[in-house]
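Q: Below are the sequence and a predicted model for it; my questions follow.
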Amino acid sequence: MEERQATLEDIVKNDYQEKTILDLNIPDKKIGIASDHRGYDLKQKLTKYLTKKGYTVIDYGCDDKQSHDYPIYGFKLGEAIRDKKVEKAIAICGSGIGISIACNKVPKVRCAKVNNSKEAKYTRKDNDANIIAISGEMSTFKAKDIVDVFLKTPFSNEPRHKKRIEMIDNYKC
């Protein structure tokens, strides 16, 4: 018997009681998120917002407001992208800069630190970024706008952009 993809309607009907939401592998709906202590509050708000919009949000830490080292969570998030556990992700630390650097240490990650929705749009359209990094000090309203644009903007697939991404992916130190 051919295995079929679960739909949200199937889940609501409880036709998949034996499986967890992670086993269902709903395409384009799994979003990874991670933060350090300075991004914790915004991470919690974005997780709630995205869940209400129908996304499955996988939290890669941290789990509280005590001091945490952002590289740990940047690496975890980057590894989730690399291992195709999530297709896109959101990284948050005090400035957004440190965690973006950590994410970008993982092969196949293209994390862009963004400050506004225009940057979010172009990093998806031109760079096919799979993670955005934002400041934990950003307003929730602004962060939601940026995240929405990031998640809805497709990669352009233009040859010049594909060529540039391949150049980055193929660079050897």
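A: Nice, I can see it. Just so you know, these numbers come straight off a predicted model, no measurement behind them.
Q: any idea how far Lys30 is from Lys85?
A: Distance of Lys85 to Lys30, computed by Cβ to Cβ, to the nearest Å: 7 Å. Every C-beta, even on glycine, is put in place using the N, C-alpha and C of the backbone.
Q: Of the two, give the one with the bigger neighbour count.
A: Lys30 (21 against 16; other Cβ atoms under 10 Å).
Q: quick one: low-confidence parts of this structure?
A: 1-28 (pLDDT under 70).
Q: residue ranges of the helices in this protein, please?
A: Under the criterion DSSP state H, the chain contains helices at 8-13, 21-24, 40-52, 70-82, 97-103, 117-125, 140-152, 159-170.
Q: circling back to that earlier point, tell me, what's touching Lys85 and Lys30 both at once?
A: Ile58 (Cβ atoms under 8 Å, 6 or more residues apart in numbering).
Q: who does the residue most central in space within the chain bridge with?
A: Nearest to the mean C-alpha position of the chain, by Cα atoms, centre = their mean, lies Ala89 at 0.6 Å. Legend: beta-bridge partners of Ala89 under DSSP bridges are Gly32, Ile131.
Q: what residues are up against it?
A: Applying Cβ under 8 Å, 6+ apart, the residues near Ala89 are Ile31, Gly32, Ile33, Ala34, Leu77, Ala80, Ile81, Cys103, Asn130, Ile131, Ile132.
Q: if we go to 7 Å?
A: Ala89 makes contacts with Ile31, Gly32, Ile33, Leu77, Ala80, Ile81, Asn130, Ile131, as judged by Cβ atoms under 7 Å, 6 or more residues apart in numbering.
Q: Dump those residues into CSV; add neighbour count as well.
A: Shown next, in CSV, are the contacts of Ala89 (neighbours: other Cβ atoms under 10 Å):
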residue, neighbour count
Ile31, 23
Gly32, 24
Ile33, 28
Leu77, 32
Ala80, 22
Ile81, 22
Asn130, 23
Ile131, 29
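Q: Which one of those residues is nearest to Ser139?
A: Ile33 (17.4 Å; Cβ to Cβ).
Q: So that closest one sits against Val57, correct?
A: Yes. Assessed by Cβ atoms under 7 Å, Ile33 is found in contact with Val57 at 5.7 Å.
Q: what's the neighbour count on Lys172?
A: 3.
Q: Distance of it relative to His68?
A: 32 Å.
Q: what does His37 give?
A: Following Cβ to Cβ, the distance that separates His37 from His68 is 5 Å.
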